[in-house]
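> sequence? don't have it. structure:
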């Protein structure tokens, strides 16, 4: 898609928030009962959270919204949704919305944002961990329960929890410039997953749970939405395999600090979660 002009601003008018509800239907295919209504978006926006929209030609093409929370006596924002229409993806809109969300949080005196994401959605993981510099230390099993959304395709709704330290060096760097898309050089750790097949139809055939190196690599599937629709057996194998891998290694003191894309001589890049021991330095 050619370069387009996109404007960004906070949304507080009900008609604009209703457009966010329509966008939820188009991006996630939510059933009516799963939609977040405009009234809740308005309440969040007026009480410490923020709803930020991306607008092209007077039309909402993406948005992010968050609401306030408290953990251990410290305020934070929980980022509930980030969505961009399919035709406008790949233009950096998602990153820009998150950077503006960071700015809004800091203006309110909040220095941490958290949100959940699906571990088999490689593109989201790359944005969250690589581009933005968040870290994942917690894995939730079937977080939302059964969902009718086409996005979930009947899979258990497992999620990783992204933790974004807004004043940390990685978040500050992300706010200044976009990170390189692809990883340069050799892989930075030991691969603990065994996979087979072309990248676009990658199968998870096995994995190790006894590795103890400083840095471990866990391969992630590409084109997960197509896999969910066309090959549900392969999708459930990835879901259950990654569940066991993350529960094991996060429980053993590792954290997911990155998702790198490793270019191949032919075909799409391979993607690897980078797991490192807590307190072992930063990437």
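Yep, that arrived. Keep in mind that this is a model prediction, so the values were computed, not measured. Numbering: from 1, shown residues only.

> Near residue 198, how many residues? Count them for me, please.
Neighbours of residue 198 under the rule other Cβ atoms under 10 Å: 12. For the C-beta atoms, the positions are set from N, CA and C on the backbone; glycine is no exception.

> in which helix or strand would I find the spatially most central residue of the chain?
The residue lying closest to the centre of the chain (Cα atoms, centre = their mean) is residue 124, at 3.6 Å. According to DSSP states H and E, residue 124 maps onto helix 122-125.

> picking that back up, excluding residues flanking it in the chain, which one is nearest the residue nearest to the centre of the chain?
Spatially, and ignoring its direct neighbours in sequence, residue 124 is nearest to residue 117 (4.8 Å; Cβ to Cβ, 6 or more residues apart in numbering).

> Verify the stated contact: the one you found with residue 123.
No. With contact defined as Cβ atoms under 8 Å, residue 117 does not count as touching residue 123 (10.0 Å).

> For stretch 193-211, the averaged confidence score.
Averaging pLDDT along stretch 193-211 gives 96.

> Residues in contact with that stretch: which ones?
190, 192, 217-219, 221-223, 227, 231, 234, 237-238, 241-242, 244-245, 248-249, 264, 267-270 (Cβ atoms under 8 Å, 6 or more residues apart in numbering).

> So what would you say the end-to-end distance of that stretch is?
11 Å (Cα to Cα, to the nearest Å).

> buried stuff in it?
Residues of stretch 193-211 classed as buried: 193, 195, 199, 202-204, 207, 211 (neighbour count, 16 or more other Cβ atoms under 10 Å).

> follow-up on the earlier one: which ones among the contacts of stretch 193-211 map onto strands?
Counting by DSSP state E, the contacts of stretch 193-211 place 190, 217-219, 270 in strands.

> Leaving out chain neighbours, which residue sits closest to residue 76?
Using Cβ to Cβ, 6+ apart, the nearest residue to residue 76 is residue 112, at 4.2 Å.

> got the contact list for that neighbour?
So residue 112 contacts 74, 76-77, 105, 163-166 (Cβ under 8 Å, 6+ apart).

> tell me which of those residues is nearest to residue 93?
residue 164 (18.0 Å; Cβ to Cβ).

> Could you list the paired strands of the helix or strand where residue 206 lies along with their orientation?
Taking DSSP H and E as the definition, residue 206 sits inside strand 203-207. Strand pairing for strand 203-207, determined by DSSP bridges: strand 193-196 (antiparallel).

> roughly how far out does the partner strand sit from the chain middle?
Distance, stretch centre to chain centre, for strand 193-196: 23 Å (Cα atoms, centre = their mean, to the nearest Å).

> Stretch 125-144 too?
Taking Cα atoms, centre = their mean, one finds stretch 125-144 lying 6 Å from the centre of the chain it belongs to.

> Any buried residues in the lengthiest helix in the chain, and which?
Longest helix in the chain by number of residues, with DSSP state H as the criterion: helix 232-251. Neighbour-count burial for helix 232-251, counted by 16+ other Cβ under 10 Å, picks out 234-235, 237-239, 241-243, 245-246, 248-250.
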